[in-house]
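**Student:** Sequence and computational prediction follow.
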Amino acid sequence: MIKIGIIAEYTATYEPHVVTSRAIEHSSEELGLAVSYEWISTVDVKEAFFDVYDGLWVAPGSPYKSMDKALWAIREGPIAITGSDAEGEVRVVEYPEHPLFFATLFVPQMLSQPNKPHLLVTAFLRAVSRV
């Protein structure tokens, strides 16, 4: 079983959150993988998450309850900031020890459909499962 942690303040009425869960399900079905996922509030972010979960997904939808903890996970965890804008806002990050890690400012899960999952979501699950 592959375990994914989704970091955000889950809101059932916020479409990007609803489709994030569905996109993971679409891709897991496509790959034939058993995948579990859970939504984690930013106030609960811990360094141990990098050992507990096979993959972490920071979902859209701020304001986060703890922007400090969300940014800590990026700045102090095993993730390297490799690009920022003129104001210092993080734009590009890397997780060098992981087979696939990407960050985007767009929401690819919005385009995922049953029998046609989004390629980035499928690639994420494939990488964390090492299929």
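**Tutor:** Received, thanks. Nothing here was measured: the structure is a model prediction, and the numbers come from that model.
**Student:** List the residues that contact the closest residue to residue 58 other than its chain neighbours.
**Tutor:** Spatial nearest neighbour of residue 58, chain neighbours left out: residue 7 (4.8 Å); criterion: CB to CB, 6 or more residues apart in numbering. C-beta: built from backbone N, CA, C; applies to glycine. Shown in contact with residue 7 (CB atoms under 8 Å, 6 or more residues apart in numbering): 40, 41, 42, 45, 56, 57, 58, 59, 70, 73.
**Student:** Who does residue 7 form a beta bridge with?
**Tutor:** On the basis of DSSP bridges, residue 7 is bridged to residue 40, residue 58.
**Student:** buried subset of the contacts of residue 7?
**Tutor:** The neighbour-count test (16 or more other CB atoms under 10 Å) marks 40, 42, 45, 56, 57, 58, 59, 70, 73 as buried among the contacts of residue 7.
**Student:** quick check: mean pLDDT across stretch 24-32?
**Tutor:** Stretch 24-32 shows a mean pLDDT of 94.
**Student:** List the buried residues for it?
**Tutor:** 24, 25, 26, 27, 28, 30, 31.
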